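K.L.:
just coords:
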């Protein structure tokens, strides 16, 4: 626990700078005259008692970039609030929540993981799918091995890393492989999608099957290759308010922001698909 | 005869409460989580869990790699400890601090550092690949290296401490008898510090056996090749906590058996 | 190295006339350690036993370690049987060392401790053990060959250490406080044995001690070291009779004074005059043993003693059946008297006494 909390703090500090820039961009793209009017209108639409205090959001690691931006937006719209994130593997987060960790919102990378939370009676209401994520092949910059399909990964002497079958991205990759009747022996089954991507970023592996969002976040350190089979293994991301949420009102408002047009714009900007 | 009553008195004397209470609290703190693991273990499902060949594969690999890492640590760690304890060179204190660095480094960072050094594209690794065709990441050798990186400092610190406590004049006595410095080390110092080396080796072995972060980062995770028990436990934890607990129990039982066995052997030897 | 060859040379070929320094030890040991400087010249012929005697911190052990090569020389020279050893590492020097607390290897048996040297110098395992067994036998320790050092008594350990040092056939044997680790009773016995073994040893032996008795019993020649320098050198009897520093005088149990002689009277640099039997002129030492002093409670009448001083008791110390009395006053001196005499005089610190010494019991010699 301590480790994830500390990590959250560190991320927050760096995210604040990035978030501010992203918020400025948002303000520009919305063509509004000033960001002040933006937050005013948002405050007016919520029409609820003034929100304050801390909102704790447990979110899947793949949501890090987009949720950090949304957190900044939320704090701007509701001065006096503070959004704290715990980004980690969905299963780890689910285990923390069922273990009694104090959190307001849980955004998972898979319905299966969300189910463990709802089954434990820790969720308030029914989780809603807010985005979907699709797999993509991450190759070395410029795709020097000319990978163009999932099949290209199975033959040749390419070093491929997959996520372990126990984590969502691994399960999805297996689903895509099964659907296309392919056998793929990777050099490693990584513990999460970021680890798989890191191996390609460090050029230790030639390719990895990861989420589109991760490829996008990695910038020019990897090159993404779409493959048709990915459509057969799309991941739904459900989000829910938690039953023991210390700050229910603010948590609801944050979920609304995620589902709003503005939230969806940020998320699709990061590579997610709308549900 | 004189020892009799004294020994009896010592046995009968009360342990002072300011020592006893914290000691028991400390013991409970260390044992309770392990006890909880045993209590909550899915005993009924255990036979099924243990019948999986992957468990034994991971266990075999763990023991093999931890033992190899310990051997490697001994091979280079003991001379390193000697260098730190018995010679004087500029910047020795700094070097000692560097040696302990892997102790404070988060193991995952250690793994990344190993990739940057010995990876296919690493500072040294690219030459290993070009000249000798050796690649270390994603191999069992990589597991051994990652475990050695994390475990060796324990051995070096332990052996260096023992060396500092050992009387260097025994080495002098050996040289006056015609032994070179190396012979003096091999035939006199080494046997003298054997208990310290053994203690350090056990520490290193235990640390290597439980190694997770550096291993999965540097060597990846592939059953039978680089998936050691801690990796298997971690991944099982993602969707099957019961299996994870079962695997942990196996790892615990085996390490206890090995450590207790070694201890008995030393006890009877000395 | 051909140790045995060298030994033969030493034993069989007599030293050529005019070059006596070719054989044995010829050294000037200079070790500079910032605040401390050792500068000691040492020469010895094969068969000599030289004792380095001096108070703690005088540099004796440093000198010994320099001879063994464990401390590098910062100056001077070191030649053994004509060969320069200054730059030779300790393992290549034909030198054997018996360390103060013996430093027997605790993990090896007595036999393997002794066999260690021959093994390092090239003997096979079996051969080294045969040699070691012979040495232990010579030391009367054949029954303890298989014992670990911690099972040996102090005296046995000392003999194993000696056997271990001798087993490499050294041309220079060094002994650092060889008896210091022993209790009084064992010491007596071991000292006698050590004396026998040293007498049999055909090369140079140098021993370091702060105990004058050990030095005088074991050595042919004493080199007294104080503050890193030699203050006196000579045979045990000579040094005992003619000490040249307070330290030696105290060691050998003499009252020692420095003064200027005019005939039979020696005028002390500080204090009164002492009448002696010797007829000397110029700077001299005067010495007399504490037992030569007679004490009186009141000024003696009719005493023929010319040396009569008024003193005061500074301290009392019992030495066996004797009492050593430290006196201050006109002349600071130590006096020995029997317990009975001390009781009759009612001596106690601060008590006034008269001290006399007969001129015939003093000994004056040029400084």
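P.N.:
Perfect, I can see it now. Only a predicted model underlies this, so the values are computations on that prediction, with no experimental measurement involved. Numbers count the residues shown, from 1 in each chain, chains lettered A, B, ... in the order given.
K.L.:
which element is residue C:310 on?
P.N.:
Using DSSP states H and E, residue C:310 maps to strand C:307-319.
K.L.:
cool, and residue B:31?
P.N.:
Using DSSP H and E, residue B:31 falls in helix B:17-39.
K.L.:
any idea how far that helix is from the chain center?
P.N.:
23 Å (C-alpha atoms, centre = their mean, to the nearest Å).
K.L.:
against which helices or strands is that helix packed?
P.N.:
Applying 3 or more C-beta pairs under 8 Å, 6 or more residues apart in numbering or on different chains; DSSP states H and E, we find helix B:17-39 packed against helix B:241-269. Bear in mind the C-beta positions are built from the backbone N, C-alpha and C, glycine included.
K.L.:
so, low pLDDT: which residues of the stretch 1-150 of chain A?
P.N.:
Along the stretch 1-150 of chain A, the model assigns pLDDT under 70 to residues A:1-49.
K.L.:
in it, what residue lies closest to chain B?
P.N.:
When scored by C-beta to the nearest C-beta, the stretch 1-150 of chain A has residue A:91 as its residue closest to chain B, at 4.4 Å.
K.L.:
wait, a helix at that residue?
P.N.:
Yes: according to DSSP: H, G, I helix; E, B strand; the rest coil, residue A:91 belongs to a helix.
K.L.:
what ranges do the helices span in the stretch 251-367 of chain C?
P.N.:
Using DSSP state H, counting those that start in this stretch, the helices of the stretch 251-367 of chain C run over residues C:339-345.
K.L.:
in the strand holding residue C:310, what's buried?
P.N.:
C:307, C:308, C:309, C:311, C:313 (16 or more other C-beta atoms under 10 Å in any protein chain shown).
K.L.:
now, which of those residues sits nearest chain B?
P.N.:
Using C-beta to the nearest C-beta, residue C:313 comes nearest to chain B of those, at 42.0 Å.
K.L.:
quick one: contacts for that closest one?
P.N.:
Neighbour list for residue C:313: C:325, C:326, C:327, C:347, C:348, C:349, C:350, C:351, C:353 [criterion: C-beta atoms under 8 Å, 6 or more residues apart in numbering or on different chains].
K.L.:
can you tell me the distance between the two ends of stretch C:339-359?
P.N.:
End-to-end distance for stretch C:339-359, by C-alpha to C-alpha, to the nearest Å: 25 Å.
K.L.:
just want the residue of chain B that's nearest chain A.
P.N.:
Closest residue of chain B to chain A, C-beta to the nearest C-beta: residue B:220 (2.6 Å).
K.L.:
residues near the closest residue to residue C:178 other than its chain neighbours, how many?
P.N.:
With sequence-adjacent residues excluded and distances taken as C-beta to C-beta, 6 or more residues apart in numbering or on different chains, residue C:178 is closest to residue C:98, at 5.5 Å. Residue C:98: 26 surrounding residues under other C-beta atoms under 10 Å in any protein chain shown.
K.L.:
what packs against the helix or strand harbouring residue C:98?
P.N.:
Using DSSP H and E, residue C:98 sits within strand C:95-98. Helices and strands touching strand C:95-98, by 3+ C-beta pairs under 8 Å, 6+ apart, are helix B:169-176, helix C:60-68, helix C:154-166, strand C:172-176.
K.L.:
give the other helices and strands that the helix or strand following it contacts.
P.N.:
Counting by DSSP H and E, the element after strand C:95-98 in chain order, helix or strand, is helix C:110-120. Counting contacts by 3+ C-beta pairs under 8 Å, 6+ apart, helix C:110-120 is packed against helix C:125-138, helix C:154-166.
K.L.:
now do helix C:110-120: distance to the chain's middle.
P.N.:
Distance of helix C:110-120 from its chain centroid, counting by C-alpha atoms, centre = their mean, is 29 Å.
K.L.:
hang on, the earlier thing: what lines up beside the strand holding residue C:310 in the sheet?
P.N.:
Take DSSP bridges as the rule and strand C:307-319 pairs in its sheet with strand C:322-329 (antiparallel), strand C:352-357 (antiparallel).
K.L.:
now the ones you listed as a markdown table including mean neighbour count and mean pLDDT?
P.N.:
What follows is the strands paired with strand C:307-319, written out as a markdown table (neighbours: other C-beta atoms under 10 Å in any protein chain shown; pLDDT from 0 to 100):
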| stretch | mean neighbour count | mean pLDDT |
| --- | --- | --- |
| strand C:322-329 | 19 | 88 |
| strand C:352-357 | 19 | 90 |
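K.L.:
the helices and strands packed on helix C:110-120: which one's closest to chain A?
P.N.:
helix C:125-138 (51.4 Å).
K.L.:
show me what the closest one packs onto, helices and strands only.
P.N.:
On a contact count with 3+ C-beta pairs under 8 Å, 6+ apart, helix C:125-138 meets helix C:110-120, helix C:154-166.
K.L.:
what's next to it, contact-wise?
P.N.:
Taking C-beta under 8 Å, 6+ apart as the rule, helix C:125-138 contacts C:110-116, C:118-119, C:123, C:142, C:144-145, C:160, C:163-164, C:166-167.
K.L.:
same thing but at 6 Å, please
P.N.:
C:111, C:114, C:115, C:118, C:119, C:142, C:145, C:163, C:167 (C-beta atoms under 6 Å, 6 or more residues apart in numbering or on different chains).
K.L.:
and those, which is closest to chain A?
P.N.:
Distance to chain A, by C-beta to the nearest C-beta, is smallest for residue C:119 among the contacts of helix C:125-138, at 51.3 Å.
K.L.:
so what's the residue nearest to the closest one when sequence neighbours are not counted scoring on pLDDT?
P.N.:
Excluding its sequence neighbours, the residue lying closest to residue C:119 (C-beta to C-beta, 6+ apart) is residue C:128, at 4.5 Å. Per-residue pLDDT puts residue C:128 at 95.
K.L.:
same question for residue C:270.
P.N.:
At residue C:270, the model reports a pLDDT of 77.
K.L.:
could you do the one 5 residues further on as well?
P.N.:
At residue C:275, the pLDDT value in this model is 89.
K.L.:
let me know whether it touches residue C:306 as I believe.
P.N.:
Yes: Residue C:275 is within contact range of residue C:306, at 4.4 Å (criterion: C-beta atoms under 6 Å).
K.L.:
for chain B, what's the nearest residue on the stretch 201-350 of chain C?
P.N.:
The nearest approach of the stretch 201-350 of chain C to chain B comes at residue C:206, 13.4 Å away (C-beta to the nearest C-beta).
K.L.:
can you pull the contacts of residue A:240?
P.N.:
Neighbours of residue A:240 in contact, by C-beta under 6 Å, 6+ apart: A:106, A:123, A:127.
K.L.:
bridged to the first one, which residues?
P.N.:
It refers to residue A:106. Counting by DSSP bridges, residue A:106 is bridged to residue A:58, residue A:240.
K.L.:
just to revisit the earlier point, can you list the strands paired with strand C:307-319 in JSON lines and add distance to residue B:182?
P.N.:
JSON lines is the format used below for the strands paired with strand C:307-319 (distance: least, C-beta to C-beta, whole Å):
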{"stretch": "strand C:322-329", "distance to residue B:182": "54"}
{"stretch": "strand C:352-357", "distance to residue B:182": "64"}
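K.L.:
what angle sits between the longest helix along chain C and helix C:154-166?
P.N.:
Once chain C is assigned using DSSP state H, the helix that runs over the most residues is helix C:184-200. Going by axes from the mean of the first three to the mean of the last three C-alpha atoms, to 10 degrees, helix C:184-200 is angled at 20 degrees with respect to helix C:154-166.
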